[in-house]
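J.: Sequence first, then the predicted structure, then my questions.
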Amino acid sequence: MQDLVEIYSSDEDSFAVGSIIYENSNRLFAHLVDDQGKIDGYLLFDKKAIRKIEKNTEYLKKLSKYMDFWGNISIGNSDNPIYKSKPDFIDLIKYAKENHKIITLATSFDYYDSICGYVNSFTENLVKIDAINQSNAKVFDQFEISIDQIITLEIESIDNFLLGYASKKL
């Protein structure tokens, strides 16, 4: 894994930790690490939602040591070529649909502006999500989200893997 960074959003209390896979003028794609130092999925950001990026902090040094503890355990780590292809939101939505993956989409950093679930359908402008209730792992509703309003998309995180497993077993 490349160097760890802290990615701060426009929300003062919100940040993610991971290594940057790629960035361009509009997007930043990161491989995340959770607060226990475990590799934890992928997150695509709209760069307008990023306030700053920090490197080499004391917190990151601690997480690097945690990561040493976990070794080569591959939780949340995929070798699928999609993650090396500089994907945009629509690419990851299509991948999630084709592979029946749970994703978490956010249109702001307010908890209530995110939705977790399976991609039901999508166009170039709109995605329909079969939303999963995170307390019981059951589909509870369907939401339409304009793709140009998405600021983050999380895929193959530990939480999403667990929720997908539970929803398939119910």
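T.: Thanks, I have it.
J.: any idea of the pLDDT on the residue nearest the centre of the chain?
T.: Nearest to the mean C-alpha position of the chain, by C-alpha atoms, centre = their mean, lies E154 at 1.8 Å. We have a pLDDT of 95 for E154.
J.: Likewise for I73?
T.: 56.
J.: go on, the one 5 residues further on?
T.: Per-residue confidence for S78 comes out at a pLDDT of 71.
J.: Equivalent analysis for D148, please.
T.: As predicted, D148 sits at a pLDDT of 95.
J.: burial measure for the spatially closest residue to F109 that is not a sequence neighbour, as a count.
T.: With sequence-adjacent residues excluded and distances taken as C-beta to C-beta, 6 or more residues apart in numbering, F109 is closest to D11, at 3.7 Å. Yep, even glycine has a C-beta here, placed from its N, CA and C like the rest. By the criterion of other C-beta atoms under 10 Å, D11 has 12 neighbours.
J.: Next up, the contacts around D34.
T.: V17, D40, I158 (C-beta atoms under 8 Å, 6 or more residues apart in numbering).
J.: between the residues you listed, which has the most around it?
T.: That'd be D40 among those, by other C-beta under 10 Å, with 25 neighbours.
J.: measure that one to P81 for me?
T.: Distance, D40 to P81, by C-beta to C-beta, to the nearest Å: 20 Å.
J.: Quick check: S14 touching E6?
T.: No. In this structure, S14 is not within contact of E6 by C-beta atoms under 8 Å, at 10.8 Å.
J.: picking up where we left off before, so the residue nearest to F109 belongs to a strand, correct?
T.: No. Counting by DSSP: H, G, I helix; E, B strand; the rest coil, D11 falls outside a strand, being coil.
J.: still on that earlier bit, least trustworthy position among the contacts of D34, going by pLDDT?
T.: Out of those, that is I158, at 85.
J.: hang on, that one packs against Y42?
T.: No. In this structure I158 lies outside contact range of Y42 using C-beta under 8 Å: 11.8 Å.
J.: Surely I150 and I103 touch.
T.: No. Using C-beta under 8 Å, I150 is not in contact with I103; the gap is 10.0 Å.
J.: Who has more neighbours out of those two?
T.: I103 (26 against 20).
J.: Including distance to K169 and secondary structure, could the contacts of D34 go into CSV?
T.: CSV is the format used below for these (distance: C-beta to C-beta, whole Å; DSSP: H, G, I helix; E, B strand; the rest coil):
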residue, distance to K169, secondary structure
V17, 30, strand
D40, 22, strand
I158, 17, helix
